[in-house]
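Chemist: Give the three-dimensional model of this entry:
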Amino acid sequence: MAKFSIVVALAIGAGISSTIAFAPASFSSTSSRLRQQTTSSPLRISAVSEKQQQQSPLAPLTVWGEHIPDIIESQRVLRSRSDINFAPTIRSTDVGLARDDIDGQLAYIKQNAFQLKSRMVNDGAVIFRDFDLMKSQPGFVQFYEALGMKVCLDPLHSVSARPTVDGTKNSPVYEAVNKESRKNFFIGMHNEFVGTRAPRAAAFVCFKSAETGGEFLIADGRQVFRDLKPDVVQRLYERNIRYSVMELPFFGWVDNLPEPVRPVAMGAIKGLASAAINAKVDFSVDLRWGEGGYDGVKMLQARAPSQPPILVHPVTGEPHWFCNVHSHSSKLRKDREAIYGAERFEDGASQINKSDMFYGDDGEISDADLEHIDEITMKNVQFVKMEQGDVVLLDNYKCMHGRNVFDGTRKHGVAWFEGWEGEEEMKADVSSSRRKEAIAEPFFASSL
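Modeler: Purely as a prediction, here's the structure:
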């Protein structure tokens with residue numbers, strides 16, 4: 001029973017987290033409609049900020065949007081568009097402000113908040129450079145408050161997996177994978193979501209740039225969807241996808257048990273681990289025995305429910321890639337090890353956080369398809385070398401993100417948002433213009 005207790009403790013304490021973000025919400029590919037399940041000094045955090053820190057809500061439930069009746073036709077329509085812009089850059093000097101004019105920068109953000117957020121939604125992300133306002137955490141908080149962004153807790157909040165930048169419990173600004181032990185780990189492209197929950201937006205900030213590398217990576221989910229081979233898109237959308245979100249590789253000793261005892265022990269271990277894990281997450285996790293893991297030993301693999309790889313944006317109605325295969329595929333991670341070296345595992349949590357991805361019916365995705373997805377993803381990646389004070393404001397549904405390997409000391413942070421002031425107005429504006437000519441039909445049948 002001692003080993004059982006260790007497994008349960010590990011599962012509760014560390015095993016269900018991920019440095020990237022894992023897992024999906026349930027989705028039926030035959031369903032015609034899915035519904036949501038559900039003034040201070042610039043360098044001082046205001047009382048409002050402190051209140052937000054104490055009362056931040058959970059990350060919101062993912063809104064998948066309509067099922068797309070003809071996914072290939074939707075891709076064809078997207079390919080015909082010439083108006084797709086992605087991640088424009090705004091420098092303080094571009095808007096007539098000096099780098100050190102903090103008051104002027106804050107006033108600019110407040111006066112242009114709706115326009116800036118609209119660009120985030122329409123263009124996937126906005127890159128802010130040369131703004132001294134965001135060089136410190138208090139100034140960064142003032143930046144997103146001036147925009148009217150509504151903070152939420154980290155998606156990994158239930159397992160306390162991600163530390164905050166300043167080390168305080170209720171801080172709204174989290175670390176963005178700066179550990180020296182993870183510097184040679186290339187974080188693949190992904191949208192931030194855990195189980196049934198996904199922040200609607202995020203702001204990534206640089207407080208200190210790594211001496212070498214450490215670029216923040218972004219990619220437009222529309223462009224990835226556009227560029228994939230139609231037959232790959234068809235297979236994935238028809239069969240859905242399913243993530244393996246963790247492995248418990250502690251059971252080599254089970255094979256040494258006598259035959260009458262082994263199945264009983266395996267059933268008991270699976271039951272205890274399943275109860276411990278499912279008590280900590282708000283989605284169903286399916287545990288199954290497998291071989292492999294570390295040194296070919298017996299392990300328990302946790303798989304999350306089936307979901308679509310393509311999401312319909314809740315504001316613009318555009319279809320786009322919303323699939324973390326680039327970060328979660330064990331094959332693609334292994335291929336990157338040949339370039340960057342093997343992953344360094346220095347604690348129990350990092351050994352457990354081993355993800356993979358399958359079809360929604362648990363079938364294996366071919367190496368050829370995975371390599372194609374990797375090629376198309378990297379073709380659309382932008383490497384953004386951020387300096388102190390730079391911020392990338394992104395729509396988490398539309399913009400994927402990752403991180404390059406690095407040397408030196410890196411200090412980046414991130415704040416997550418459940419939404420923003422003016423979002424309903426944006427929806428009304430898009431609805432009144434029939435959601436743009438290029439995306440109105442055939443794949444989006446009913447407007448919000």
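Chemist: Break down the protein into its helices, ranges please.
Modeler: Using DSSP state H, the helices of the chain run over 2-10, 47-55, 71-79, 102-111, 113-123, 137-147, 221-227, 230-239, 262-278, 325-328, 330-340, 348-352, 367-379, 423-432.
Chemist: Give me the contact list for the fourth one.
Modeler: Around helix 102-111, the neighbours that count as contacts under Cβ atoms under 8 Å, 6 or more residues apart in numbering are 42-43, 92, 95, 97-98, 116, 131-133, 139, 142-143, 146-147. Where C-beta positions appear, they are placed from N, C-alpha and C, glycine not excepted.
Chemist: picking up where we left off before, point out the most buried one among the helices of the chain.
Modeler: Mean neighbour count, computed with mean count of other Cβ atoms under 10 Å, is highest for helix 325-328 among those, reaching a mean of 26.
Chemist: what pLDDT, on average, does that helix get?
Modeler: Taken as a whole, helix 325-328 has an average pLDDT of 95.
Chemist: Show me what that helix is packed against.
Modeler: strand 187-190, strand 241-248, helix 330-340, strand 356-359, helix 367-379, strand 399-403 (3 or more Cβ pairs under 8 Å, 6 or more residues apart in numbering; DSSP states H and E).
Chemist: any chance of these in JSON lines, with distance to Arg76 too?
Modeler: Shown next, in JSON lines, are the helices and strands packed on helix 325-328 (distance: least, Cβ to Cβ, whole Å):
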{"stretch": "strand 187-190", "distance to Arg76": "24"}
{"stretch": "strand 241-248", "distance to Arg76": "22"}
{"stretch": "helix 330-340", "distance to Arg76": "27"}
{"stretch": "strand 356-359", "distance to Arg76": "24"}
{"stretch": "helix 367-379", "distance to Arg76": "16"}
{"stretch": "strand 399-403", "distance to Arg76": "22"}
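Chemist: what's the closest of these to Gly413?
Modeler: With Cβ to Cβ, the closest approach to Gly413 among those belongs to strand 399-403: 12.7 Å.
Chemist: any residues touching the closest one, and which ones?
Modeler: Outside strand 399-403, the residues touching it (Cβ under 8 Å, 6+ apart) are 87, 124-125, 176-177, 186-192, 202, 204, 214-221, 224, 321, 326-327, 377, 381, 392, 394.
Chemist: Comparing the helices and strands packed on helix 325-328 by mean pLDDT, which bottoms out?
Modeler: Across the helices and strands packed on helix 325-328, strand 241-248 gives the lowest mean pLDDT, at a mean of 81.
Chemist: list the buried ones in it?
Modeler: By neighbour count on 16 or more other Cβ atoms under 10 Å, the buried set for strand 241-248 is Ile241, Arg242, Tyr243, Ser244, Val245, Met246, Glu247, Leu248.
Chemist: Just grab the bridge partners of the fourth one for me.
Modeler: Right, the one you point to is Ser244. Beta bridges link Ser244 to Arg303, Asp356, judged by DSSP bridges.
Chemist: Distance-wise, check the residue nearest in space to the middle of the chain relative to Leu393.
Modeler: Residue closest to the average C-alpha location in the chain (Cα atoms, centre = their mean): Glu192, at 1.5 Å. Using Cβ to Cβ, to the nearest Å, Glu192 is found at 14 Å from Leu393.
Chemist: Gly419 now?
Modeler: Counting by Cβ to Cβ, the gap from Gly419 to Leu393 is 14 Å.
Chemist: and for those two, which residues touch both?
Modeler: With Cβ under 8 Å, 6+ apart as the test, Gly419 and Leu393 both reach Ala201.
Chemist: who's more crowded, the two?
Modeler: Neighbours of Gly419 and Leu393, each counted by other Cβ atoms under 10 Å, are more numerous for Leu393; the result is 27 against 16.
Chemist: Give me the neighbour count for Ser355.
Modeler: Other residues lying near Ser355 total 25 when counted by other Cβ under 10 Å.
Chemist: Make sure it is actually in contact with Lys331.
Modeler: No - using Cβ atoms under 8 Å, Ser355 is not in contact with Lys331; the gap is 11.5 Å.
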